[in-house]
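Novice: what's the 3D shape of this:
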Amino acid sequence: MRSKSNKPDTILTHAGRAPEANHGVVNPPVYHASTILHPTVAALEAAQKNRYNQVTYGRFGTPTTFAFEEAVAAVQGGHRAIAFGSGAAACFAVLLAFLKAGDHALLPDSVYGPVRGFANGFLKRFGVAASFYDPLIGAGIADLLRPETRVLYLESPGSHTFEVQDVPAIVAVAKARGLATMIDNTWAAPLFFKPLALGVDVEIIAATKYIVGHSDAMMGVAVCTEQSFMPVREMASLLGTHAAPDDCYLALRGLRTAGVRMRQHEKQGMALARWLQQRPEVARVLHPALENCPGHALWRRDFTGSSGLFSIVLRRDIPKPAVDAMLDGMELFGMGASWGGFESLILPGHPERLRTVRPWQDGTLLRLHAGLEDQDDLIADLERGFARLAAHLA
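Specialist: Numbering: from 1, shown residues only. So this is what the prediction gives:
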């Protein structure tokens with residue numbers, strides 16, 4: 001990046017680009033490659049010793065991969081980044097990079113469902129113990145540490161229920177004990193939260209979401225400090241995980257407009273959240289940027305904005321058939337997993353199936369993603385949905 005600016009929008013626009021190395025082409029081209037040829041034995045041997053810093057084999061990365069990794073590291077303030085084929089793959093590889101048989105990991109009770117499954121299934125099979133903690137515990141996590149604890153995993157805000165964690169307090173406990181910290185920062189990346197600046201060792205982003213931004217590619221990325229880079233990079237190689245060059249290209253292209261899109265998602269999300277607060281069918285709106293949310297003070301301290309993803313909790317007396325009637329007829333809000341694309345989504349959540357530290361005892365949870373459609377049209381779609389719900393109750 002030629003510019004020395006540290007302004008997020010400038011970095012998003014220019015990092016990872018090298019037109020002078022690509023005949024003046026603005027975007028790095030897609031390199032499809034497996035075999036890389038070397039002119040001499042000496043060149044081959046040098047490449048093998050430096051395989052993570054130059055193009056040596058397709059699985060270790062092509063210029064397209066490196067451009068994406070360079071750009072994300074610059075945006076997030078990391079030393080280097082590693083691209084993965086999905087956000088889940090990034091989460092799993094980072095955990096494995098710092099754990100071995102006999103170790104113990106602590107994860108928040110609000111963690112992304114596949115990570116909980118990985119901890120309870122895969123890690124357990126290979127002799128790693130995992131337990132879960134209240135995401136709002138803060139410095140109190142010190143009381144949960146065991147002699148064999150090696151990893152403190154964070155996710156802020158939490159999946160579906162959006163608890164904001166006290167990252168500096170948890171990191172301070174980890175550093176005092178020499179533990180590795182990693183955080184899933186998908187909700188706020190790549191614009192509104194920089195956890196490495198707060199001392200976290202590895203930041204994990206499901207780039208499928210706001211970085212790609214168009215619901216057409218699976219991508220994950222781990223952003224590392226200088227100390228954490230090699231453990232994660234080597235684990236990615238041992239697992240054989242890599243990101244396809246076409247997907248890296250799509251993610252890099254999405255990154256260029258992520259700032260503009262995220263600010264619009266934020267605006268839409270806040271408007272919908274405040275409108276939903278007034279609905280009689282809604283018991284609570286779970287959105288960290290709302291003043292009455294439990295994690296709002298921490299959000300204001302550590303974040304510079306919010307995304308378009310949040311949840312609502314319906315009144316307990318609303319039965320499932322009425323909720324189904326509401327959701328089945330939505331016109332603009334699609335019903336599907338993932339989020340971060342241009343389209344709005346609504347999806348029933350089931351924290352009661354996952355939570356173990358603090359069992360979920362509230363009403364039906366619906367997770368919404370505010371897309372880029374006209375705001376009034378989105379509200380009208382929700383109004384019609386609530387009308388169907390009311391008709392079913394009548």
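Novice: how about the helices in the stretch 51-200 of the chain?
Specialist: 63-76, 87-97, 113-118, 124-125, 167-177 (DSSP state H, counting those that start in this stretch).
Novice: tell me the mean pLDDT for the fourth one?
Specialist: Helix 124-125 shows a mean pLDDT of 97.
Novice: what lies in contact with that helix?
Specialist: In this structure, residues lying in contact with helix 124-125 by CB atoms under 8 Å, 6 or more residues apart in numbering are A130. From N, CA and C alone the C-beta is placed, and that goes for glycine too.
Novice: adding distance to P231 and mean neighbour count, write the helices of the stretch 51-200 of the chain out as a markdown table.
Specialist: Below are those laid out as a markdown table (distance: least, CB to CB, whole Å; neighbours: other CB atoms under 10 Å):
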| stretch | distance to P231 | mean neighbour count |
| --- | --- | --- |
| helix 63-76 | 16 | 24 |
| helix 87-97 | 4 | 25 |
| helix 113-118 | 18 | 18 |
| helix 124-125 | 21 | 10 |
| helix 167-177 | 15 | 18 |
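Novice: okay, those in TSV with distance to L378 next?
Specialist: What follows is these, written out as TSV (distance: least, CB to CB, whole Å):
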stretch	distance to L378
helix 63-76	29
helix 87-97	26
helix 113-118	26
helix 124-125	42
helix 167-177	32
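Novice: list the buried residues for the helix or strand bottoming out on mean pLDDT in the chain?
Specialist: The least trusted helix or strand in the chain, going by mean pLDDT, DSSP states H and E, turns out to be helix 8-14, with a mean of 83. By neighbour count on 16 or more other CB atoms under 10 Å, the buried set for helix 8-14 is P8, I11, L12, T13.
Novice: same deal with stretch 154-168?
Specialist: Those would be 154-168, for stretch 154-168 by 16+ other CB under 10 Å.
Novice: now stretch 335-354
Specialist: W339, G340, G341, E343, S344, L345, I346, L347, G349, P351, L354.
Novice: make sure the second one is actually in contact with H214.
Specialist: What that stands for is G340. No - using CB atoms under 8 Å, G340 is not in contact with H214, being 9.1 Å away.
Novice: circling back: any idea which of the helices of the stretch 51-200 of the chain gets closest to A244?
Specialist: helix 63-76 (9.0 Å; CB to CB).
Novice: so how far is the closest one from its chain's centroid?
Specialist: 16 Å (CA atoms, centre = their mean, to the nearest Å).
Novice: re the thing from before, and of the helices of the stretch 51-200 of the chain, who's closest to W299?
Specialist: Using CB to CB, the nearest of these to W299 is helix 167-177, at 11.0 Å.
Novice: what is the end-to-end distance of stretch 300-317?
Specialist: 33 Å (CA to CA, to the nearest Å).
Novice: buried residues in that stretch, which are they?
Specialist: Those would be D302, F303, G305, S306, S307, G308, L309, F310, S311, I312, V313, L314, for stretch 300-317 by 16+ other CB under 10 Å.
Novice: return the closest of those with respect to L382.
Specialist: The closest of those to L382 turns out to be I312 (CB to CB; 9.9 Å).
Novice: now do the SS call for the closest one.
Specialist: What DSSP: H, G, I helix; E, B strand; the rest coil gives for I312 is strand.
Novice: tell me the confidence at it?
Specialist: 98.
Novice: I'd say it and V282 touch.
Specialist: Yes - taking contacts as CB under 8 Å, I312 lies within contact range of V282: 5.1 Å.
Novice: so for those two, which residues contact both of them?
Specialist: What both I312 and V282 touch, as defined by CB under 8 Å, 6+ apart, is the set L276.
Novice: most centrally placed residue in this protein?
Specialist: Central residue of the chain (CA atoms, centre = their mean): T186, 1.8 Å from the mean position.
Novice: roughly how far apart are the residue nearest to it when sequence neighbours are not counted and M218?
Specialist: Ranked by CB to CB, 6 or more residues apart in numbering and with sequence neighbours excluded, the top spatial neighbour of T186 is A206, at 4.4 Å. From A206 across to M218, the span is 9 Å (CB to CB, to the nearest Å).
Novice: more neighbours: these two, which one.
Specialist: Neighbours were tallied for A206 and for M218 using other CB atoms under 10 Å; the higher tally belongs to A206 (28 against 20).
Novice: sorry, back to before: out of the buried residues of helix 8-14, who's nearest K267?
Specialist: Nearest to K267 among these, with distances taken as CB to CB, is P8, at 16.9 Å.
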